[in-house]
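>>> Predicted model follows, preceded by the sequence.
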Amino acid sequence: MKKKIITIERQYGSGGSVIGKLAADKLGINCYNRQILEMTADKCGISPEYLESAEENVPTSFLYSLLLSANPARSLEDDLPLSDKVFLMESRIITEISEKEESFVLVGRCGSYILEDKGCFSVYIYADPSERVKRAVSEYGIPENKAESIMKKADKRRETFYNVNTGKQWQDKDQYHLCLNSAVLGDELCAELIVKAYNEFNAKSE
């Protein structure tokens, strides 16, 4: 049976995390974001901050994709760079969640790729750079003189992590079911539109 899962990719400062939580609350389902990183860190016995820094390193190849499909032996996996191991471990945790929960929202972590065969509804949240900088300053507490630089670095990290791990283009809107400009629509309306589109999507697939 196909799952009813919402996956969200988002530009830094677009409010994707907030929107994902709002949508999950409206649907009465769980929302996973940084929790995936924390669960992975707990399994590894290291800090989430250390794992997060590993995500910033560009993975070396598509070997991990082959390993995922082949149920890799531990000895082979040990030879992988940490950045590749992080993706493998996060993928397994996300897959485990999908086996236990029929519906949930997943923000980031290449969710639409990992859960592609689960029938997920994929969303991309974006906004004008100037509006994202404003959010970073007002809501994230980022110094105004550093906000733009931090935004660009965060976007680059997310794009690289997604592109290399999936073989797709993070900002290619054609690959998502729904793309929303949060600066124009606002967080609340974005969440409402996601819920409405998600329900319509599921109704058509039944």
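Okay, I see it. Numbering: from 1, shown residues only.
>>> use CA for all of it now, contacts and neighbours both
OK.
>>> and stretch 137-156, how far out from the chain's middle?
On the basis of C-alpha atoms, centre = their mean, to the nearest Å, stretch 137-156 is displaced by 19 Å from the centre of the chain it belongs to.
>>> tell me which residues in that stretch are buried?
By 16 or more other C-alpha atoms under 10 Å, the buried positions in stretch 137-156 come out as 137, 142, 147, 148, 150, 151, 154, 155.
>>> least trustworthy helix or strand in this protein by mean pLDDT?
helix 74-77 (a mean of 45; mean pLDDT, DSSP states H and E).
>>> ok, back up a step: among the buried residues of stretch 137-156, which are located in strands?
Using DSSP state E, no member of the buried residues of stretch 137-156 falls in strands.
>>> Rebuild those as CSV, extending it with pLDDT.
Conversion of those to CSV gives the following (pLDDT from 0 to 100):
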residue, pLDDT
137, 97
142, 96
147, 96
148, 96
150, 95
151, 96
154, 91
155, 93
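>>> which one of these is nearest residue 18?
Closest approach to residue 18 among the buried residues of stretch 137-156 (C-alpha to C-alpha): residue 137, at 15.6 Å.
>>> Contacts only, for that closest one.
The contact partners of residue 137, by C-alpha atoms under 8 Å, 6 or more residues apart in numbering, come to 143, 144, 147.
>>> how close does it get to residue 118?
Separation of residue 137 from residue 118 (C-alpha to C-alpha, to the nearest Å) stands at 37 Å.
>>> And residue 144, how close does it get to residue 137?
Residue 144 is 6 Å from residue 137, by C-alpha to C-alpha.
>>> so where do the helices sit in this protein?
16-27, 34-44, 48-55, 63-70, 74-77, 82-100, 111-114, 129-138, 144-166, 182-185, 187-205 (DSSP state H).
>>> Please identify the one among these that comes closest to residue 122.
Among the helices of the chain, the nearest to residue 122 by C-alpha to C-alpha is helix 111-114 (5.9 Å).
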